[in-house]
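Chemist: From the sequence below, what's the structure:
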Amino acid sequence: MTIKLLTGNPCNMAMVSFSKNDFVHMGLRESEITLKNKKARQLLGMIFNVLLEYGGLRREGNYVSVNCRPLKNGGCRFYIQFTDQPSGRLFAFAEADDLLDALSQLQKCGKEDILAEIEIFHSDGNYQIYIPAGLKISKNALAILSEYSV
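Modeler: Coordinates of the predicted model:
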């Protein structure tokens, strides 16, 4: 893995490259880089953790753009752009029971005010909760939603 940090206005950008051998060691193929693949999501999580720790680049609460391009010799290159623009948050749940458990836990913690502000959708077999950008949400509530979401 090679990381190159690029700064600019109004955002910061990182270029993260993986060779074909890097993917072999991770048990991934370039064709498997989709958000539906658990290993690919873990890879993105690891990339964001490294960029936070070593580059100070934060994604929490702001728009982040991720583009992935294949390399000629195998592997791929991620272009990740961090902005200062606030974004909403989307939590996906594999089953209705997971969604209902998360909502129940939020009610038990006294977070009914959040329930009035969120939007719930059913899309592509998943249940989703969208939290608007301006809504203040506690770390406890985020932890509950993260625990039950995919």
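Chemist: For Val64, list each beta-bridge partner.
Modeler: Legend: beta-bridge partners of Val64 under DSSP bridges are Phe82.
Chemist: Verify the stated contact: it with Gln85.
Modeler: No. Val64 lies out of contact with Gln85 (C-beta atoms under 8 Å); the separation is 9.7 Å. Backbone N, C-alpha and C define where each C-beta goes, glycine included.
Chemist: Give me the contact list for the helix or strand bottoming out on mean pLDDT in the chain.
Modeler: In the chain, no helix or strand scores lower on mean pLDDT, DSSP states H and E than helix 112-117, which sits at a mean of 73. The contact list for helix 112-117 (C-beta atoms under 8 Å, 6 or more residues apart in numbering) reads 103, 106-107, 131-132, 135, 137, 141.
Chemist: Any idea how far it is from the middle of the chain?
Modeler: What separates the centre of helix 112-117 from the centre of its chain is 23 Å, taken as C-alpha atoms, centre = their mean, to the nearest Å.
Chemist: remind me which residues of this structure are low pLDDT?
Modeler: Regions of the chain meeting the criterion pLDDT under 70 cover residues 9-11, 111-112.
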